[in-house]
Structure formats: C-alpha cells, structure tokens
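Enquirer: below are the sequence and a predicted model; questions follow.
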Amino acid sequence: MILALAFILIFALLLFIALLFSFMVFDLFLELPYVATQRKKIETIIKFANIKKGETVVDLGSGDGRLLIESAKRGAVATGYEINPFMIAISMIHRKLEGFENQIEIRKESLWKADLAVADVVFVYAKRISMKKFEDFIYKNSKKGTRIVVNTNPFPNKKAENEENRIFLFKV
C-alpha cells in the first residue's frame, strides 16, 4: 500500500515537472513570452487606462487574464488575444471564477489579427526588439483617441503622455 502511494506521488510529481517544462519550452518560441505582471504595475496600468463602463479593452498577449479581469471589474468588455494554450486555460478558469464569462472573451488567435478598431484601450507588453512592430501595428489599426498602455518597453518613435513605474501611456 505504501509502495503504491509512493509510486502515485512520484508519478504526479514527474507529470507536474513535465507539464511545467513543456510550458516553458513552448513559451520560448513565442514573440511575447509570458511574464506575470506585478500587482503594483497592474494598479498603474489600470490607472493609466482610465476605463469607463461600457468601453472595450483589448489585451495583446493576455497571459493569465489578470488585466482582462481588472478591466471587467470596471465595466469594460474585454478581449484577450493569446496563443499559449496553458495561459488560455488559466484565463478561462479566472474568468469563470470571477463571474465574467459575458464580459471577457479570450481568443486563441495571433495578436496580429486583433481588431483594434473597436478598442478604447489596448494593453501591450513585448520585448524591446518588437516594440517598433507593435507601434506600427497599433497606430495603423486603432481609432483616434485609443489609449495604449505599454508595460516596461515604450514605443521607440512615439512620445508617452505619461510614465510611472515603467508603465507608459500613449494615445492614438
């Protein structure tokens, strides 16, 4: 009996390690790797977004859905674009637990296919090397007045309207 229990525990541990490893390997190949946003940065992001009830928020590379949940709490309709299946699963669990199934859509789709024309607010986190590409994509596809909140690496050719805690606010 003890031997069977030990075997089950070892198997569960190995399965967990294998899943964690596959998640990390998958993430290496993504243009936007998953990096959990710190609570202090989330507060600044949401402050800069200045979300009003009924607005539309788009999160490019929505990860575990933290920003989607915070946006929905403020009355927004939020759409996250994410291709990592592990992050999508976590986002869907968070969405359900928080009770925002009707306000949050998580799309298993490349962020480069995002419909930014509907967005009042766009959230972006990307590696510095990718920011020019994001800048071009967002400014080409967003409507005038869209608020863009960028985490860590600012757009290289645009001047931020505000900056705090390595969070940058831009407007189209």
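Expert: Nice, thanks for sending it over.

Enquirer: any idea how far the residue nearest the centre of the chain is from residue 69?
Expert: The structure's the chain has its C-alpha centroid closest to residue 62; by CA atoms, centre = their mean the separation is 2.1 Å. Distance, residue 62 to residue 69, by CB to CB, to the nearest Å: 10 Å. Glycine gets a C-beta too; all of them are placed from N, C-alpha and C.

Enquirer: kindly report the same for residue 128.
Expert: For residue 128 relative to residue 69 (CB to CB), the value is 27 Å.

Enquirer: ok, now residue 38?
Expert: Separation of residue 38 from residue 69 (CB to CB) stands at 15 Å.

Enquirer: and these two? Which one has more around it.
Expert: Ranked by neighbour count (other CB atoms under 10 Å), residue 38 and residue 69 place residue 69 first, with 21 against 11.

Enquirer: where's the more buried one, which helix or strand?
Expert: Assigned by DSSP states H and E, residue 69 belongs to helix 66-73.

Enquirer: could you point out which element follows that helix?
Expert: strand 77-82.

Enquirer: show me where the protein has helices.
Expert: Using DSSP state H, the helices of the chain run over 2-28, 39-49, 66-73, 85-98, 131-141.

Enquirer: which residues touch the fourth one?
Expert: So the one you mean is helix 85-98. Contact with helix 85-98 is made by 23, 26, 34, 62-66, 68-69, 72-73, 80, 82, 101, 104, 106, 108, as judged by CB atoms under 8 Å, 6 or more residues apart in numbering.

Enquirer: 7 Å - rerun?
Expert: 23, 34, 62-65, 68-69, 80, 82, 101, 104, 106, 108 (CB atoms under 7 Å, 6 or more residues apart in numbering).
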